[in-house]
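# Show me how the following folds:
(2 chains)
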Amino acid sequence: MSDEKTFVDIRDLTVTFTGGRKPVRAVSGVNLKVKRGEVVALIGESGSGKSVTLRSILRLHNPSHSKLEGQILVGDQDVVQLSASALSDFRGKVASMIFQEPLLALDPVYTVGEQIIEAILRHENVSKEQARARALSLFERVRIPSPERRLDAYPHEMSGGMRQRAMISLALASQPQLLLADEPTTALDATVQIQILLLLRELQRELGLSVVFVTHDIGAAVEVADRIAVMYAGRIVEQGTTRALMRSPRHPYTRALLKSLAHGSVKKGTRLETIPGAPPDLSNLPPGCVFAERCSLATDDCRKAFPETIWLTEDHSARCFRVDQTLQPV
Amino acid sequence: MDTTVKKEAAPGSAQPLLMVKHLIKHFALKKDVFGRGGGVVRAVDDIDFLVRQGETLGVVGESGCGKSTTARLLMNLTPPDNGDIIFDGRSVGSRDLSLKEFRRQAQMVFQDSYASLNPRLTIEDSVAFAPQVHGVSKEDAVERARDLLRRVGLDPNRFAERYPHELSGGQRQRVNIARALALQPRLIILDEAVSALDKSVEAQVLNLLLDLKEDFGLTYVFISHDLNVVRYISDRVMVMYLGQVVEIGDCETLFEQPKHPYTRALLSSVPSMDPDNRTEEPPLSGDPPNPINPPSGCRFHTRCVHAQAICSQTMPALVSDQAGHGVACLMHIAGSGHTDAPSAQQEVA
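Numbers count the residues shown, from 1 in each chain, chains lettered A, B, ... in the order given. Got it, this is the predicted structure:
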């Protein structure tokens, strides 16, 4: 798997939050590789650790309340070990992030143009005019209508979809190689969401970006991602190509999740299949498989130890003892 | 309590449970200190629809289309500017049916399960609160509350004494549903009631809603932006755009053969779930226009691929066919002047 094309290599990442009464292990032993020019979606429900994993790549967690263990290799740097100044060179220049709510992520007292220009000047030795010209071409690239005028607009003067486009151009301002997106379309309306998803796909192809994309919406992941990693209780329980995951999911959690979706093919009046119970308490994780309590296939072995990664094909893996029982299509 | 509901439901079964006529709500915007601004948000602009006894009417549309305002107007949480709401043949607010009595028979569940519960009341007290307001004794109300908690899947021995912050989002939404049922209503308005829940929890709550509907003979108005969920749960669907109804009809017909160009665009905006069949082109460009200054004529004409000059001048009425499928589009109105419209003699297809 590991070759010169791997751009992001997360090895055994564990994130523990220590701010509360008991330490909370939000991410436990995550391994994830992203190749150059590849889009990987992290999917999972709230509390599964997908956003925490993503934010760790920029080290956005408050260091006084959190502990990062493991390695996050991006290019030839280990983000976990970066000094403060190296980290601010890294952020924006090598990797940058777009967030769910652009109104909170953008600064309300500066125009969007000023914010993009500031980001360019931070990383590059260019004049303000050149930076503004770059900002304008970014706005054209993300297809903001009347871009010249919009550069001088404040975030609140834009509509939701336009703000998300503006944030994408801010994230791309210093030509990063890695784009991290945290639920970038969740707050948007359906007709706008699909526009932004397709824009991300197009930009990713044109610029050859690596993208890690967090979403709870499997449909959004399928539209954009080459590979999908499914998270549950702080672990990646299954990962593989989008096609493999949608066509032949093998981890019982992935299978149950796909079955529980209400979509076009579900017959009216039939009850949806549900997953009984609730995810485990992250401050008190069970010794065995984190999904065993809710899993219809669980055995005593599952409650004793957490299974190691099992490779089903060259690019499809699951952490489950019972994969021999999950061969039927969902 | 099962029997009481069924007995009450009987007289209304011949007519629609809820009829809404000419419902209008415009919000005036405040002017700033220099007298600038002002204007009117046409949140709900003259809509008519009906909800049949025992059905689920799904309401879909994007933010700002007026679907939540419609829900609040139905319950009179926001007083309408104009319009009649007729519940089971009696006009709400008239001598026949006071607002208080109507609110006993129609209840609402909101999106934010935490904000809709009083944080200082145990969930048992929350569920038992409304019946006491309506004159049920404390003992009876508590007993009924425990019964309902069991009914929505929360064992009262474990949960009754808990406070909202001690529950998960899915459990809290179950409490809200139990509370809505406490007055034995006939109509429940669910405003994005499952939207904040994780998918696996959402499935549990949707199943619960279907079970309760059968057991208690309920009628639902189900508002959601999630088209998959609306398709799954609804019998009929109403599509709103900028304060107006653009299409309404039988759920499967509407999803299989949408007639209004906006409905078509909205439905094809749903991500495909099939990695070999991804969406290639976004069906619409741009954001929905601002409801403060909605476009003239047909409000969708600024984003519609079929728009012609006539569309910016004439506002299409909602016209229904024999099956009750209504569309507000000039292409479906005979002799409207749109070149794709059937000629005036032809029957509207």
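
# CA atoms for contacts and neighbours, from now on please.
Fine.

# Neighbours of the residue lying closest to B:Thr314 once chain neighbours are set aside, how many?
Of all residues not flanking B:Thr314 in the chain, B:Gly297 sits nearest, at 4.4 Å (C-alpha to C-alpha, 6 or more residues apart in numbering or on different chains). Residues lying near B:Gly297 (other C-alpha atoms under 10 Å in any protein chain shown) number 15.

# Name the helix or strand for B:Gly297, please.
If you go by DSSP states H and E, B:Gly297 is not part of any helix or strand.

# Could you report the distance from it to chain A?
22 Å (C-alpha to the nearest C-alpha, to the nearest Å).

# And for B:Arg103?
Distance of B:Arg103 to chain A, given as C-alpha to the nearest C-alpha: 28 Å.

# Burial check on that residue, number of neighbours?
Neighbour tally, B:Arg103, other C-alpha under 10 Å: 18.

# how about the host helix or strand of it: buried residues?
Using DSSP H and E, B:Arg103 falls within helix B:99-105. Buried residues in helix B:99-105, counted by 16 or more other C-alpha atoms under 10 Å in any protein chain shown: B:99, B:102-105.

# what's the closest of those to B:Leu183?
Proximity of those to B:Leu183 (C-alpha to C-alpha) peaks at B:Arg104, which lies at 5.9 Å.

# one step back: got a list of contacts for the helix holding B:Arg103?
Here helix B:99-105 makes contact (C-alpha atoms under 8 Å, 6 or more residues apart in numbering or on different chains) with B:75, B:87, B:92-93, B:183-187.

# how about the strands in chain B?
Assigned by DSSP state E, chain B shows strands spanning B:18-28, B:40-51, B:56-60, B:82-87, B:90-91, B:106-109, B:187-191, B:219-223, B:236-241, B:244-250, B:319-320, B:326-327.

# Among these, which comes closest to A:Ala225?
Closest of the strands of chain B to A:Ala225 is strand B:56-60, at 27.6 Å (criterion: C-alpha to C-alpha).

# contacting residues around stretch B:133-150?
By C-alpha under 8 Å, 6+ apart, stretch B:133-150 touches B:124-125, B:127-129, B:131-132, B:155-156, B:160, B:174-175, B:178-179, B:181-182.

# change it to 7 Å
The contact list for stretch B:133-150, computed with C-alpha atoms under 7 Å, 6 or more residues apart in numbering or on different chains, reads B:124, B:127-128, B:131-132, B:155-156, B:175, B:178, B:182.

# Farthest-apart pair in the residues you listed, please.
Checking these with C-alpha to C-alpha, the most distant pair is B:Gln132 and B:Asp155, at 22.1 Å.

# For the stretch 101-250 of chain B, what lies in contact range of chain A?
Neighbours of chain A within the stretch 101-250 of chain B, by C-alpha under 7 Å from any C-alpha of the partner chain: B:198-200, B:203-204, B:207, B:228-229, B:232.

# want to try CSV for the residues you listed, with neighbour count and pLDDT as columns?
CSV is the format used below for those (neighbours: other C-alpha atoms under 10 Å in any protein chain shown; pLDDT from 0 to 100):
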residue, neighbour count, pLDDT
B:Asp198, 16, 87
B:Lys199, 24, 86
B:Ser200, 23, 84
B:Ala203, 24, 91
B:Gln204, 21, 90
B:Asn207, 19, 93
B:Asn228, 18, 91
B:Val229, 22, 93
B:Tyr232, 24, 93
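
# Can you flag which of those belong to helices?
Counting by DSSP state H, these place B:199-200, B:203-204, B:207, B:228-229, B:232 in helices.

# Of these, just say which sits nearest to A:Thr215.
Among these, and counting by C-alpha to C-alpha, the member closest to A:Thr215 is B:Lys199, at 12.0 Å.

# Which residues are in contact with A:Val74?
A:7-9.

# Pick out the one among those residues with the largest number of neighbours.
The residue in these with the most neighbours, by other C-alpha under 10 Å, is A:Val8 (23 neighbours).

# For whichever helix or strand that one is part of, name the packing helices and strands.
In this assignment (DSSP H and E), A:Val8 forms part of strand A:6-17. Counting contacts by 3 or more C-alpha pairs under 7 Å, 6 or more residues apart in numbering or on different chains; DSSP states H and E, strand A:6-17 packs against strand A:24-35, strand A:66-74.

# Just the C-alphas of the longest one, formatted as CSV.
So the one you mean is strand A:24-35. Taking C-alpha atoms only, strand A:24-35 is exported to CSV below (Å, rounded to 0.1, in the frame of the first residue of the first chain):
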residue,chain,number,x,y,z
VAL,A,24,-12.5,10.9,26.5
ARG,A,25,-10.9,8.8,23.9
ALA,A,26,-12.4,10.3,20.8
VAL,A,27,-10.1,8.6,18.3
SER,A,28,-8.4,5.3,19.0
GLY,A,29,-5.7,3.9,16.7
VAL,A,30,-6.8,5.2,13.4
ASN,A,31,-4.7,4.3,10.3
LEU,A,32,-5.5,6.1,7.1
LYS,A,33,-3.6,6.7,3.9
VAL,A,34,-4.5,9.2,1.2
LYS,A,35,-2.8,9.3,-2.1
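
# How far off centre is it?
Strand A:24-35 has its C-alpha centroid displaced from the chain centroid by 11 Å (C-alpha atoms, centre = their mean, to the nearest Å).

# I appreciate the help and will end here.
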